[in-house]
Structures are given as structure tokens and as C-alpha cells.
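[1] Predicted model follows, preceded by the sequence.
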Amino acid sequence: AMLDISLLHKWLSTALSIVILMQMIAQATWHTDHPLLVLPHFNEEIIVAIGADSTVPVLKNYFGLDRTNVEQARKKAIKKLLDVTVINERQATEAVDALLKWPILQPRKCMLCSADQVFEIDYLQDERWPKYINVESDMLYRMLFTVEMVGPYKFETDAFCPRFHKEKSAGWIVIIGEKDTDEVLCCKKISSITGSKQLAVPFRMPKHLGRHIFTIFILSDSYIGIDQEYNLHCEITEKINSENSTSYDVF
């Protein structure tokens with residue numbers, strides 16, 4: 001309900017804070033704590049031994065646990081934890097198995113579509129020299145992008161929340177907003193993603209002309225530390241084309 005109210009009023013920072021609150025409740029930890037403290041048997045001493053700058057995605061990549069066939073990587077990860085920490089084999093196994101269950105969502109193709117135009121978005125472009133897309137004010141557009149779950153648990157729908165004593169599916173929340181104005185343009189809640197899926201997120205361009213940097217937030221409703229954001233650079237010009245009759249649900 002809190003998220004719905006913040007979206008209704010288009011409060012971007014409030015909406016993001018509420019999603020973080022949802023994550024903290026699911027994982028029973030503070031988002032300001034070290035991200036590796038969500039793993040079983042991990043404490044500050046173990047984190048320092050592994051690397052204080054590590055996160056769950058970084059650690060998964062370091063151990064090679066973000067691939068489909070991970071049995072050998074799993075054994076090596078357990079051995080590494082036993083070598084550099086004081087935890088026992090059972091605890092190391094539980095920690096590595098928890099790492100394996102942490103989801104990895106990878107955006108693939110991304111496009112911005114209007115009624116008569118399609119722009120392919122380079123969401124990984126160099127922010128120092130961004131390419132701006134010419135769009136029309138107060139017009140309906142859709143963000144179309146393909147996302148893919150990767151790793152051995154890419155078809156898992158249940159959230160790994162050992163401290164949350166209720167069954168919970170792992171959903172996602174996509175918010176498009178503008179940080180400069182702290183305004184939400186649209187939001188879409190997505191149920192569990194398995195394998196590959198195409199997402200369509202409709203929104204209306206602001207009326208204010210000129211250059212705008214919109215941000216696409218891909219947020220987990222269950223996990224801390226795996227949220228992603230990508231910028232969309234737009235040059236908004238006067239509306240020329242007539243409004244297309246197609247309507248979209250923005251929120």
C-alpha cells in the first residue's frame with residue numbers, strides 16, 4: 001500500500017525507499033549492513049578475509065557460480081572458504097549453496113518504441129558522451145527490453161529468504177523516473193522471471209522540452225544488493241504527431 005501511494009503521487013525517492021524496506025523485511029537485515037552478511041555463517045571477520053569490497057554478485061562471479069554447470073566451481077568455492085576462514089565444512093557448504101540461489105538478472109536487448117518509431121537503446125553506453133534520442137513531449141512510449149535469468153537456479157521462482165518464515169516468490173519491480181525532478185514516470189510489478197522474458201513498460205513523456213536523463217530501475221522485491229539502474233537520455237521536442245489511439249496502463 002505504501003508503494004502504491006508513493007507511485008500515485010509520483011514520488012521517486014519515496015518509492016525507491018519503500019522497495020528497499022521490502023527487501024530488508026524479506027532478508028531481515030539493514031540495507032546499510034555489509035551485503036555479504038545476508039549469507040549464512042558470515043560475519044565481519046569472514047568478510048574481511050574474503051574481501052571487504054565484495055558483494056553477492058561479485059563473489060558469485062569470482063567463484064564461477066554464475067554459470068549453468070557449477071559443480072566443480074561449487075567444490076572450489078567451498079575449499080576456498082575453508083582455506084581463508086574459520087568456518088567448518090558444513091557452514092562453508094551452506095554459504096556456497098546460498099550464493100548459488102541468489103538470482104542473477106541480465107538485461108539483453110532494449111528498445112524505446114512509439115506508435116511509428118523504434119529506437120534501439122545502448123543502455124551500457126559511456127555516460128561521459130551519451131547519445132540523446134529525439135522524442136516528442138506528452139506522447140506515449142514503451143520501453144521494451146529482454147531480461148534473462150542466468151545461473152543454475154534460473155528457473156527457480158521461490159525467493160531465498162531463510163529469515164522470512166513464510167513462502168515468498170521472487171518478484172521484480174521496474175520503475176522509470178527522473179532523478180532531477182524526483183518524479184516517477186511509470187512502474188510495473190513483475191512476477192517471478194524464469195529463463196528469458198520480454199518486458200514492456202509504457203510511460204508518457206513529460207511536457208517540459210529539452211534534455212532529460214531518465215533512469216530505469218530494475219529492483220528486486222526480495223533481495224538486497226542486486227538492483228540495477230540504467231540511464232535513458234532523451235531530447236524532448238514539441239509534439240508533432242497526433243496521439244495514437246492505443247492506451248497503456250502506466251501504473
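    Nice, thanks for sending it over.

[2] ok, the host helix or strand of residue 148: who's next to it in the sheet?
    Assigned by DSSP states H and E, residue 148 falls within strand 140-150. With DSSP bridges as the test, strand 140-150 is paired with strand 104-113 (antiparallel), strand 196-204 (antiparallel).

[3] Let's have the ones you listed in CSV, adding mean pLDDT and distance to residue 163.
    Just so you know, the C-beta spots here come from the backbone N, C-alpha and C atoms, and that holds for glycine as well. Output for these, formatted as CSV (pLDDT from 0 to 100; distance: least, Cβ to Cβ, whole Å):
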stretch, mean pLDDT, distance to residue 163
strand 104-113, 90, 21
strand 196-204, 92, 28
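
[4] Turn these into TSV, including mean neighbour count and distance to residue 174.
    Output for these, formatted as TSV (neighbours: other Cβ atoms under 10 Å; distance: least, Cβ to Cβ, whole Å):
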stretch	mean neighbour count	distance to residue 174
strand 104-113	16	11
strand 196-204	16	5
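
[5] out of those, nearest to residue 125?
    strand 104-113 (10.9 Å; Cβ to Cβ).

[6] name the helices or strands packed onto the following helix or strand past the closest one?
    Next helix or strand after strand 104-113 toward the C-terminus (DSSP H and E): strand 118-120. Under the contact criterion of 3 or more Cβ pairs under 8 Å, 6 or more residues apart in numbering; DSSP states H and E, strand 118-120 touches strand 104-113.

[7] got a list of contacts for the strand it packs on?
    Strand 104-113 is contacted from outside by 57, 60, 66, 118-121, 123, 133, 135, 141-151, 154, 172, 193, 196, 218, 226, 228, 230, 232, using Cβ atoms under 8 Å, 6 or more residues apart in numbering.

[8] Reformat the strands paired with strand 140-150 into TSV and put distance to residue 47 next to each item.
    Converted to TSV, these look like this (distance: least, Cβ to Cβ, whole Å):
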stretch	distance to residue 47
strand 104-113	21
strand 196-204	33
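
[9] quick one, strands of the stretch 151-251 of the chain?
    Using DSSP state E, counting those that start in this stretch, the strands of the stretch 151-251 of the chain run over 172-178, 183-190, 196-204, 210-220, 228-237.
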